[in-house]
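# sequence and predicted model, in that order:
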Amino acid sequence: MKIYSCKIEKSLGAGIDMEDITSELQANILRSGVQHGLLTANVIGSTGSLTTIEYEPGVIQDLKDAIQRIAPEGIPYKHELAWHDGNGHSHVQAALLGPSIAISVCNGKMALGRWQQIVVINHDNRARTRKIAVTIIGE
């Protein structure tokens with residue numbers, strides 16, 4: 001059994017900004033030498049999330065629009081009463097999508113569909129460098 005850990009960092013803009021990290025994750029699988037196992041990744045911080053999506057402009061905009069509809073900016077959030085930082089919506093958006101992802105590794109590759117990519121999302125109202133902790137286990 002092999003265990004491989006690393007971190008990926010991505011600089012993302014304010015608001016709902018996202019970046020495809022599929023190729024970096026795949027490169028780390030190759031570095032790990034794992035042929036069959038599991039890749040787990042989690043974004044560090046309570047205003048970031050990870051998910052899969054077809055990474056093309058139309059779907060990216062559709063996801064951004066849907067996130068804004070579910071937890072929009074500009075409405076009162078209890079978090080802002082305590083901290084006055086204007087990012088209550090950011091915490092709710094990130095919590096709804098979730099901070100982590102687990103993907104099977106088969107024959108040294110992530111088990112993803114042809115049009116499925118893994119993205120990290122910044123929901124905060126300011127630019128952030130998002131750190132993603134990656135662990136790959138298997139044989």
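Yep, that arrived.
# rest of the way, CA atoms for contacts and neighbours
OK.
# taking the centroid of the protein, which residue is nearest it?
Nearest to the mean C-alpha position of the chain, by CA atoms, centre = their mean, lies Leu50 at 2.0 Å.
# output the host helix or strand of that residue as CSV, nothing but the C-alphas.
Leu50 belongs to strand 48-53 when assigned by DSSP states H and E. The C-alpha coordinates for strand 48-53 follow below in CSV (Å, rounded to 0.1, in the frame of the first residue of the first chain):
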residue,chain,number,x,y,z
GLY,A,48,-13.8,27.4,-0.8
SER,A,49,-15.2,24.3,-2.4
LEU,A,50,-14.4,21.4,-4.7
THR,A,51,-16.7,19.8,-7.3
THR,A,52,-16.8,18.2,-10.7
ILE,A,53,-18.2,19.9,-13.8
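# tell me the buried residues in it?
Across strand 48-53, burial judged by 16 or more other CA atoms under 10 Å covers Gly48, Ser49, Leu50, Thr51, Ile53.
# in the longest helix along the chain, what counts as buried?
In terms of residue count, the longest helix belonging to the chain (DSSP state H) is helix 57-70. Of all the residues in helix 57-70, those buried under the rule 16+ other CA under 10 Å are Ile60, Lys64, Ile67, Gln68.
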